[in-house]
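> sequence first, then the predicted structure:
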Amino acid sequence: MFKISNATGGYGKTTIIRDVSLEVGAGEIVALLGRNGVGKSTLMRYVTAEIPNWEGRVELDNALLPDTTFGRARAGLGYVPQGRFVFPRMSVIENIAVAAATNGHKPKQAVEHAMEWFPMLKSKAAALAGGLSGGQQQVLALARALAMKPKVLLLDEPTEGVQPSIIDEMAGILLKIREESGIAILVAEQDLDFCLSIASRAYVMERGAVRLAVDREELRQNKELQQELLGV
Ligand SMILES: Nc1ncnc2c1ncn2[C@@H]1O[C@H](COP(=O)(O)OP(=O)(O)OP(=O)(O)O)[C@@H](O)[C@H]1O
């Protein structure tokens with residue numbers, strides 16, 4: 001249902017991603033793996049139309065996505081960039097309400113829903129987002145993306161700099177979201193354990209291209225692959 005075909009793009013005149021094709025089905029969580037600098041974030045920026053499309057297609061439910069970042073968000077593409085994105089001078093509630101309103105959804109309902117998904121945000125509802133811990137901000141960034149009611153969710157290294165207890169909670173929430181809402185989730189990660197706990201399969205990138213596709217069991221068992229590609 002979410003499909004990238006022959007994606008090629010980069011910065012200036014430098015090609016970073018080359019001929020990348022992958023798919024994520026409804027209700028599926030798929031990991032995007034690879035060492036630092038292989039192009040995972042660049043692929044996400046290509047998909048969200050933040051960098052020019054030199055070649056290739058991005059489709060959702062068999063329809064090409066619009067050309068602009070805003071149009072893609074409206075069409076159902078949710079994105080939590082690396083390093084998270086929240087408005088630090090707004091409260092937790094305001095952050096979620098603004099995200100919902102941006103995509104034409106009712107803010108009050110979105111906030112109520114977010115508080116059900118993310119109990120950890122409940123006690124912080126009135127706090128300024130900038131005062132939350134890194135992990136709480138990451139969870140808020142996820143809540144903001146979900147308030148836009150996406151059909152596909154792109155997560156760029158959601159566990160980076162997040163403490164283990166919050167990583168576990170995040171994994172549980174993502175599994176629950178997948179079950180209840182049936183959205184497709186593509187998650188770029190370096191944390192293999194996190195991926196193994198939530199993703200049913202993975203694409204492994206190397207030098208801007210997808211080098212192989214593996215299912216969870218293959219990834220769990222292939223220690224050589226883990227070492228070679230992830231440096232673990
Ligand atoms: N804004 C930019 N302008 C020019 N080159 C960039 C830019 N952003 C990233 N690059 C280059 O693109 C390549 C891929 O980087 P990218 O961030 O996509 O990799 P990544 O797999 O997401 O790695 P990481 O895990 O470190 O985020 C790197 O060589 C990087 O230096």
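Here it is on my side, so go on.
> contact residues of the chain facing the ligand?
Within the chain, the residues that sit near the ligand (CB under 6 Å from any ligand atom) are 11, 16, 34, 36-42, 82. C-beta coordinates here come from the backbone N, C-alpha and C atoms, glycine included.
> among those residues, name the buried ones.
By neighbour count, with 16 or more other CB atoms under 10 Å, these hold 16, 34, 38-42 as buried.
> residues contacting A145?
Residues counted as contacts of A145 (CB atoms under 8 Å, 6 or more residues apart in numbering) are 78-80, 99, 153.
> one more: I198?
For I198, the contact set (CB under 8 Å, 6+ apart) comprises 29, 31, 171, 174-175, 187.
> in the buried ones among the residues of the chain next to the ligand, find the pair that's most separated.
Comparing all pairs in these by CB to CB, the longest separation belongs to I16 and G34, at 12.3 Å.
> burial count for K149?
K149 sits with 17 neighbouring residues when counted by other CB atoms under 10 Å.
> next, count neighbours for the closest residue in space to it that isn't next to it in sequence.
Spatial nearest neighbour of K149, chain neighbours left out: H105 (5.8 Å); criterion: CB to CB, 6 or more residues apart in numbering. H105: 16 surrounding residues under other CB under 10 Å.
> H105 sits in which helix or strand?
Using DSSP states H and E, H105 maps to neither a helix nor a strand.
> what separation do you get for it and A199?
Between H105 and A199 the distance is 27 Å, computed by CB to CB, to the nearest Å.
> tell me the bridge partners for the residue nearest to the spatial centre of the chain.
For the chain, the residue nearest the mean C-alpha position is L155 (1.4 Å; CA atoms, centre = their mean). Going by DSSP bridges, L155 is paired in beta bridges with V80, V187.
> tell me which residues touch it, please.
Residues in contact with L155 (CB under 8 Å, 6+ apart) are 80, 142, 185-188.
> kindly present these as a markdown table, with separate columns for neighbour count and pLDDT.
Formatted as a markdown table, these follow (neighbours: other CB atoms under 10 Å; pLDDT from 0 to 100):
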| residue | neighbour count | pLDDT |
| --- | --- | --- |
| V80 | 23 | 95 |
| L142 | 24 | 94 |
| I185 | 24 | 97 |
| L186 | 26 | 98 |
| V187 | 26 | 98 |
| A188 | 23 | 97 |
